[in-house]
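below are the sequence and a predicted model for it; my questions follow.
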Amino acid sequence: MSKRNRYSPRIIVLVISAFILSACFGTPTPTPAPALAPGVKAEDASPSWSPDGSRIAFASNRDGKFDIFVMNTDGSSQTRLINKPDTVNTAPVWSPDGARIMFVATKTEDEFSQLFVANSDGSQLTQLTTTPRHDLSPMWSPDGSRIVFASDRTGNTEVFVMNADGSEQTRLTRTDGSSFAPAWSPDGKRIAFISTRNDAATIYVMNGDGSNQTPITDDNALSDLEPDLTLVWSPDGQSFVFVSGSSGARIYSVKVNGSDLKQVVKESPSSSPALSPDGKRLAFAATRNGNPDIYVMNMDGSNLTRLTDK
């Protein structure tokens, strides 16, 4: 299978969103995570640091389907925040001011994914996108005024941008492959993304208006790793963290100029890397001993700690 075809919208949805369900607009109240049935192991995924570095939002199916949870960075006080009974809810991301959490809600009956936002206490749930397609990988701009995301609404997975209220949805990429996993630069001027144009997956950077789309390097070492589904721009603007699809789902980092490519998390499979606001720690999801959990470690690999174990 070509690299271009392996990143179909359906594959991306299944990996990021798991299974799927319909849009309801209730105002949920945070509730303690319910206990699992004896012998049942939850899957925890998609960690996201709060802007002040004190909490981590994540997705978990510990109540039978994926919903959005929050916890302290030491793993304590794990609490369900978003409970939309008619959708599977994944990929939470905090707004820059910490007041809101955006996430992907996916329907089971048509397998379409839409973007929702709620206050950080779970109240005032609002739907941002309504296109009957797959809207994925949302990310706030550093000033919180805009949102970048990936969508296959044109028949091909491309990068779009919109205002934070969901208005003025605009396509930024037009490629012969797929473009996905967008990430804002810390200064808000540029957007990085993964693209399979020219039948090779690699990291591109463009201006915030979609102009000047350029690969960070022509070195085949990066494209051979097949950057896959998740891309994070470091808080200091100097590097990217991504998941390699060709190495059994391991996490790597690379400088923004394409140099200093190195493996950060050696264990496989590992996914959903998220850098702390100070860039010193990495949260990620990993399956070890058959248990999919959230881990955190220092960027030098030290002090590896499992945060979830439900």
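Looks like it came in fine.

which residues touch stretch 270-283?
If you take Cβ atoms under 8 Å, 6 or more residues apart in numbering as the criterion, stretch 270-283 is touched by 45-49, 51-53, 56, 229-230, 232, 234-236, 241-243, 249-251, 264-265, 284-286, 294-299, 307. Yep, even glycine has a C-beta here, placed from its N, CA and C like the rest.

quick one: it to chain centroid distance?
Here the centre of stretch 270-283 is set off from its chain's centre by 12 Å, with Cα atoms, centre = their mean, to the nearest Å.

mind listing what Phe149 touches?
By Cβ under 8 Å, 6+ apart, the contact list for Phe149 reads 115, 129, 135-139, 159-162, 182.

just grab the bridge partners of Ser253 for me.
In this structure, Ser253 bridges to Val241, Lys262 when assessed by DSSP bridges.

that one touches Ser239, doesn't it?
Yes. Under the contact definition of Cβ atoms under 8 Å, Ser253 touches Ser239, with a separation of 5.3 Å.

next, show the common contact partners of those two.
Looking at what touches both Ser253 and Ser239 (by Cβ under 8 Å, 6+ apart), the common residues are Asp260.

whichever of the contacts of stretch 270-283 end up buried, select them in ChimeraX.
To isolate the buried members of these in ChimeraX, using 16 or more other Cβ atoms under 10 Å:
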select :45,46,47,48,49,56,229,230,232,234,241,242,243,249,250,251,264,265,284,285,286,294,295,296,297,299,307
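
for Val70, give me its contacts.
If you count contacts by Cβ under 8 Å, 6+ apart, Val70 has them with 30, 55-58, 77-79, 81.

can you tell me which of those residues are buried?
Burial by neighbour count, 16+ other Cβ under 10 Å: within those this picks out 30, 55-58, 78, 81.

okay if I get the residues you listed as TSV plus secondary structure?
Listed next are the buried ones among the contacts of Val70 as TSV, based on DSSP: H, G, I helix; E, B strand; the rest coil:
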residue	secondary structure
Pro30	coil
Arg55	strand
Ile56	strand
Ala57	strand
Phe58	strand
Gln78	coil
Leu81	strand
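
tell me the one of those nearest Gly210?
For the buried ones among the contacts of Val70, the residue nearest Gly210 by Cβ to Cβ is Ala57; the value is 28.7 Å.

any idea how far apart the tips of stretch 112-126 sit?
Using Cα to Cα, to the nearest Å, one end of stretch 112-126 lies 17 Å from the other.

cool, stretch 59-68 as well?
First residue to last in stretch 59-68 (Cα to Cα) measures 5 Å.

now it: average pLDDT?
Per-residue pLDDT values over stretch 59-68 give a mean of 92.

which residues does Ala59 contact?
Residues near Ala59 by Cβ under 8 Å, 6+ apart: 44-46, 66-69, 89-92, 103.

for Glu226, that is, sorry about that
3, 201, 244-246.

try it again with 6 Å
For Glu226, the contacting residues are 201, 245-246, taking Cβ atoms under 6 Å, 6 or more residues apart in numbering as the criterion.

and if you look at Ser46?
For Ser46, the contact set (Cβ under 6 Å, 6+ apart) comprises 58-59, 90-91, 272.

narrow those residues to those in strands?
58-59, 90-91, 272 (DSSP state E).

rewinding a little: which one among the contacts of Phe149 gets closest to Lys189?
When these are compared for distance to Lys189 (Cβ to Cβ), Val161 wins out at 13.0 Å.
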